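Colleague: Sequence and computational prediction follow.
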Amino acid sequence: MVSRTTADAKGDVVVLLIGMRINRFWAVHLWLPVMLGMFRMLRELAKDPARGLLSRVLLSASPRTYYVVQYWESKEKLYAYATAPDGFHHTAWAAINRKERSGRLRGQVGIWHEAYVVPEGSYEAIYGDMPAFGLAAAHGQIPLEKRGRYAKDRFAFRPPQEAAAEKTG
């Protein structure tokens, strides 16, 4: 393992943060299906890489709050999965909407997501003595020197073919 590395991302990076908050621990029958549903969606996406999920990291913010950082090929593929009638997300979202309308879910479990399209030149990463993680797990990991020793260099990095196109464009 190389001591210091960076992510080999090129172009825009699409990141989805999605999670849940257990508002009432004793309402297990309401929050457990939400949690299990997320695991089922992640398995579904892992079995079909063409849907566009590149990598994910499961995290906990507290004993009540759990979330997933997801890295996607494009916002179009993220949206396509979110709206695909054949995907489990469609089924899970319909069930949550039914529970919300009936008032059974309200106040028991919180759900949230945030989606970001991060333009090239607006992200950088460094990993010290780490296997591929986060952005590097999604886009590959390269020695730090290939992108620059300093954060300002990594922010300014453009792949050679894109840098040449910018000069002639």
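Modeller: Yep, that arrived.
Colleague: hey, let's count contacts and neighbours off CA atoms from now on
Modeller: OK.
Colleague: How about G52: what's its closest non-neighbour residue?
Modeller: E73 (5.1 Å; Cα to Cα, 6 or more residues apart in numbering).
Colleague: show me what contacts that neighbour?
Modeller: Contacts for E73 were tallied using Cα atoms under 8 Å, 6 or more residues apart in numbering; they are 13-14, 52-54.
Colleague: run the last query once more with 7 Å
Modeller: 14, 52-54 (Cα atoms under 7 Å, 6 or more residues apart in numbering).
Colleague: now L144: how far from T6?
Modeller: According to Cα to Cα, to the nearest Å, L144 stands 5 Å off from T6.
Colleague: The most centrally placed residue in the chain bridge partners, please.
Modeller: Central residue of the chain (Cα atoms, centre = their mean): Q70, 1.3 Å from the mean position. For Q70, the residues forming beta bridges with it (DSSP bridges) are L16, R56.
Colleague: circling back to that earlier point, backbone torsions only: list them for the residue nearest to G52.
Modeller: Note on E73: its backbone torsions stand at phi -60, psi -40 [degrees, to the nearest 10].
Colleague: And the pLDDT at it?
Modeller: Listed pLDDT for E73 reads 97.
Colleague: quick one: it and K10, what's the gap?
Modeller: To K10, E73 is 11 Å away according to Cα to Cα.
Colleague: Switch the contacts of E73 over to CSV; also include secondary structure and pLDDT.
Modeller: Compiled in CSV, the contacts of E73 are given as follows (DSSP: H, G, I helix; E, B strand; the rest coil; pLDDT from 0 to 100):
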residue, secondary structure, pLDDT
V14, strand, 98
G52, coil, 98
L53, strand, 98
L54, strand, 98
